[in-house]
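Undergrad: Any chance you can model this:
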Amino acid sequence: MRKVHSKEIKFKAALEALKGDLTIAQIVSKYQVAESCLHKWKKQLLEEGKEIFSAKRGPQTPQDEMEKLYAVIGKLKTENDFLEKALSSTPIKRGSL
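TA: I've put the predicted structure just below:
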């Protein structure tokens, strides 16, 4: 049966392996992971770690972007409704336009 490791454990173990302060055997013992997994995570961190810094700030997924846009639309709709009511209830004097 395969053991599922959290992303935090994977990251910590791979980072320790990269640092080289402990031996692979010590890291394997410390985190109770298979040596092959540790080597795989270390390789993955080296290859994909740079992607952390290439991501733009702000919404990371299309769903986040949609939620942000819906919030802006809601705000604009509320402001528009308020202005329509204010303009319709205020009489316009001749010559003011």
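
Undergrad: Quick check: next helix or strand after the one helix or strand in the chain whose mean pLDDT sits lowest?
TA: Lowest mean confidence among the helices and strands of the chain (mean pLDDT, DSSP states H and E): helix 51-54, at a mean of 78. As assigned by DSSP states H and E, the chain's next helix or strand after helix 51-54 is helix 62-89.

Undergrad: Which positions within that following helix qualify as buried?
TA: Within helix 62-89, no residue counts as buried by 16 or more other C-beta atoms under 10 Å. For the C-beta atoms, the positions are set from N, CA and C on the backbone; glycine is no exception.

Undergrad: any idea of the mean pLDDT in that helix?
TA: Confidence over helix 62-89, taken as the mean pLDDT, stands at 90.

Undergrad: What is the distance between the least confident helix or strand of the chain and the centre of its chain?
TA: On the basis of C-alpha atoms, centre = their mean, to the nearest Å, helix 51-54 sits 11 Å off its chain's mean C-alpha point.

Undergrad: And stretch 25-34, by the same measure?
TA: Taking mean C-alpha positions (C-alpha atoms, centre = their mean), stretch 25-34 and its chain are 29 Å apart.

Undergrad: same thing with stretch 20-29?
TA: That offset, for stretch 20-29, works out to 30 Å (C-alpha atoms, centre = their mean).

Undergrad: Sort out which residues of it are buried, please.
TA: Going by neighbour count (16+ other C-beta under 10 Å), the buried part of stretch 20-29 is Ile27, Val28.

Undergrad: Please save the CA atoms from that stretch in CSV.
TA: Below are the C-alpha coordinates for stretch 20-29, written out as CSV (Å, rounded to 0.1, in the frame of the first residue of the first chain):
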residue,chain,number,x,y,z
GLY,A,20,23.3,18.6,2.1
ASP,A,21,23.5,19.1,5.9
LEU,A,22,22.1,15.6,6.5
THR,A,23,22.8,12.4,4.6
ILE,A,24,20.1,10.9,2.4
ALA,A,25,19.7,8.0,5.0
GLN,A,26,19.2,10.5,7.8
ILE,A,27,16.5,12.4,5.8
VAL,A,28,14.8,9.2,4.9
SER,A,29,14.7,8.2,8.5
